[in-house]
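Novice: Output the structure for:
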Amino acid sequence: PRGGDTDWHPKPPQTYGRGYTFLDSFHSDENNTYRTGNHYYPFSGRRDWEVALWLLRSGLSMAKVDSFLSLEMIKSLPLSFRSAKELRGRAEILPGGPPWMSQVIPTAHPTKSPVILYWRDPLECIASLLNHPFFHDRMDFTPRRSALPGGAMLLGTILSSDKTNISMMTGDRVAHPLLISLANIHMSTRLKSSSNAFVLTALLPVPKFIHKKKRMRGILEDRLIHECLNIVLRPLKQAAREGVMLSDPVGHSRYCFTPLVSYIVDTPEAMMLATVGGKTSPVTMAMYKQFGDPFRHEPRTKSTTLAQLRVARVRADPGDIEAFFRETQKFRLNGVSDPFFADWILSEPSHFLTPETLHHIHREFYDHDVKWLICAVGDVELDFRFSVLQPITGFRHFHGGISKLKQVTGRAQRDIQHSIIALSADAAPSAVITAIRALMDFRYLVQSPRIDDNVLEHISAALGEFHANKDAIIAGGFRRGQRNRVIENWYIPKIELMQSIVPSIRNSGVIMQWTADTTEHAHITEIKDPARSSNNNNYNSQICRHLDRADKCCRFNLATSLLENMPGSNQQTSDHDDSDSDDVEFDVDDDIPAELLATIKSPGHSRPITNHFAIAKLLQDREVGTVPVPLRSFSVGCTSFHLAHVPSIRSISVDDTALKFEVPDLRPAIADFLSREAAHGQDFVHTIGGARRAGPTALLPFEKLQVWFKLRLQDTDLHDISVIRPAQTLNCSPPSGVWTCGRYDPVLVNNNARCSWPADGHTVGEIRLILRPVGKAGTYWSWKDHFLAYVYHFDVIPQGGSDREPSTQLHVLKRARHSNGTRVGDVVPVTQLRAPVNLVPRFGVSADNHLTPYNSMEHASEFWLNKYWDKNTYLPLSM
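Specialist: Numbers count the residues shown, from 1 in each chain. Sure, this is the predicted structure:
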């Protein structure tokens, strides 16, 4: 959805009686009569099936499976199979999903080998997704306002295709998979690779045509792809016109229509699908000389493309590819005569070719923005700045810089985005920084999972600001090509495609749901893994057989699990374990009790995160005396905290702590804290700063402290507080080893009881110390037994009438100091901490070459409050 103003269809979809459920399909198998007394037929029982499933999923060759089954210990097991061939034979007769088909495609021009299309009915594929129990309660049934008849259901079809290499190290074996999914599946579910929401519906042929001209070979390949798409997608086109009855996860029959809502592809594939030639936009009428225009050109419509093709057909026979291509070139088309979308109702290339973040956003950044800044700042200088950033636990640190990175992944591109604006500031012309920063704002805003009209205005404004300042990049000679030659134009397709993002969001929803991250991962599970298990011959047919067998195993495993856990089942077993629990590696601290682990899994994550909110609630509900107090896991609002059960320092005096952590006013700060608590109560929100009332020798009701060097802080998603984000480690360790100045992380601190994050009323601080007083025996003091943090305060430096620096639009901070030059700090409850933030030293025109990753934060006098470090804090720090 785009936001809170979604225009829903006035008539919700209806159900038309009972259809069929997943188990109904399972029971319709020809071997169902043999499963009356044994759900696991053709296997003898659950244990027999578990061994079979493990072997079938192990990736072992048939020879190695035979070797395993020949072991004396294995022979003693009552298995129903004794060889790999027998095992696979039993797997082949399991109930299956959509069957694979193959078809030889005749070609008018010769190829080096026969052209074979492997495919399965895409309507059956989306029917299996719609009917799958996993997507129950994870699917939308009410469409947005459309031309659907009353009571009908819109099944938004998502396609994705891209060539991928399947041969390892040598050879040029390439597969061209066509994946399919449903837009009705919730975005958060569909984008998780573990949900398997994208399924392979076809392996498009990758032929080698025999023709003396390379350009003509390319045209023939493009024509063949469109011909194959027409064959494969025919059932979906018919369903889009006439509708079809399909069953949802609970077995209700629904009247469904299947328009194409998104085709996820990179730019070259988009041009091929839109049938446009090189240096032409696939979604507008712009050609390469117009790619840098600061406005969107007229959308490319299906009617326009088909009209142009009709004119070309009148002038030349499509069978004469060279003559036909010359005619289509006049319209900047690529020579394809029959586009696959021609007879698919409501399919407009400018609509279904949705913007894609991996290729159009992140790759554009690395291919262009990064190169411009390397030229503007200098590769040596920029690499040095990246290398001396203080490392952050859980985040990549570029020890060698970024200018010489090889095989940069989408993940690395995102990591570079986190810091490059703040690092480049002051070392490049301000107009250049403004232009590239505007693109970064555009990039972050369009990736929001929820976008309303206000955010759309900011997106358009950011893109407009880039175009208003982009000439400074060329004027400075920072846009360069091969052999470092200056380029004085804006012939960049991805820049032009940015103009179509706001219209796409208005038409099809947020672009994050169309990311290729999920489909690229699906290439591994659907193509590369099956190819590796083949004998390196006839890849496509073996991939299909492997996927068919794997699909049967998944369906059988799910069905038997459902049947065994149905009430009244006579095959329920007490020793049945959750099928995935043994494969999960929890991201938890070692001191979390083992009995809590089962309560903190986050379903759907391939690597489940630790839910400290759940742990805190569970511990809080335990009987007094059954868990040690104070609790090491606790939460406040949308923030949860976790400390190790055993402190880093079990007992140390207050004065020794002050010396070790270089906090000279620790004793009076604690005394002032206790005084405020006594005067205002324990719910008082403490501020950082102000006059110190207690003296350096103030008496305290305790002399010993426990100290922690790390705190795990977890928060919720800004847009959906039900989404728990991974916990972030905050360090506050004293000087030791290479960390000669200590290691201290910045954090947002609440300083106003009436405000909750992400509203105002918060300040930036640096955690210097996390402590817990250890009271003297028999001594009473008013403060409750909880955890405290000593935090240094940062002040915002005004920027000429604004609170942000103009070119970077970042806040500039400095350490707050008293009139005598000492740093301003105070003791506050740990529960006033709200979220991690990132500070980047302000290096100036040239960074001091004495800086290292271990001292850069201590030696810097000013800092950038880096809003780009985390998307969860980006919007609150930007608006």
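Novice: make it CA atoms for all contacts and neighbour counts henceforth
Specialist: Noted.
Novice: which residues does residue 111 contact?
Specialist: Residue 111 makes contacts with 207-210, as judged by Cα atoms under 8 Å, 6 or more residues apart in numbering.
Novice: Which residue is the nearest non-sequential neighbour of it?
Specialist: residue 209 (4.2 Å; Cα to Cα, 6 or more residues apart in numbering).
Novice: Could you report the neighbour count for the one you found?
Specialist: The number of residues packed near residue 209 is 20, by other Cα atoms under 10 Å.
Novice: And the pLDDT for it?
Specialist: pLDDT recorded at residue 209 is 92.
Novice: ditto for residue 153
Specialist: 88.
Novice: That one: neighbour count?
Specialist: If you count neighbours by other Cα under 10 Å, residue 153 ends up with 26.
Novice: what bridges to it?
Specialist: Counting by DSSP bridges, residue 153 is bridged to residue 256.
Novice: Can you tell me which of the contacts of residue 111 is nearest residue 456?
Specialist: Closest approach to residue 456 among the contacts of residue 111 (Cα to Cα): residue 207, at 43.4 Å.
Novice: just the strands in the stretch 151-300 of the chain please.
Specialist: For the stretch 151-300 of the chain, the strands defined by DSSP state E, counting those that start in this stretch occupy 153-154, 157-161, 164-165, 174-182, 199-204, 244-247, 252-257, 260-264.
Novice: Let me have the ones you listed in CSV, extended by distance to residue 298.
Specialist: What follows is the strands of the stretch 151-300 of the chain, written out as CSV (distance: least, Cα to Cα, whole Å):
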stretch, distance to residue 298
strand 153-154, 28
strand 157-161, 25
strand 164-165, 33
strand 174-182, 29
strand 199-204, 32
strand 244-247, 35
strand 252-257, 29
strand 260-264, 20
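Novice: what about burial for the contacts of residue 111, which qualify?
Specialist: 207-209 (16 or more other Cα atoms under 10 Å).
Novice: For the residues you listed, could you give me JSON lines that also reports distance to residue 503?
Specialist: Formatted as JSON lines, those follow (distance: Cα to Cα, whole Å):
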{"residue": "207", "distance to residue 503": "36"}
{"residue": "208", "distance to residue 503": "38"}
{"residue": "209", "distance to residue 503": "39"}
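Novice: which one of those residues is nearest residue 25?
Specialist: residue 207 (37.0 Å).
Novice: and that closest one, how far is that from residue 172?
Specialist: 12 Å (Cα to Cα, to the nearest Å).
Novice: Repeat that for residue 141.
Specialist: As judged by Cα to Cα, residue 141 and residue 172 stand 43 Å apart.
Novice: Of these two, give the one with the bigger neighbour count.
Specialist: Set side by side, residue 141 and residue 172 show more neighbours around residue 141, with 16 against 10, by other Cα under 10 Å.
Novice: Surely that one and residue 130 touch.
Specialist: No - judged on Cα atoms under 8 Å, residue 141 makes no contact with residue 130 at a distance of 10.2 Å.
Novice: Can you check which helix is longest in the protein?
Specialist: helix 214-242 (DSSP state H).
Novice: Which secondary structure elements does that one sit against?
Specialist: Helix 214-242 is packed against helix 122-130, strand 199-204, strand 252-257, helix 321-329, with contacts defined by 3 or more Cα pairs under 8 Å, 6 or more residues apart in numbering; DSSP states H and E.
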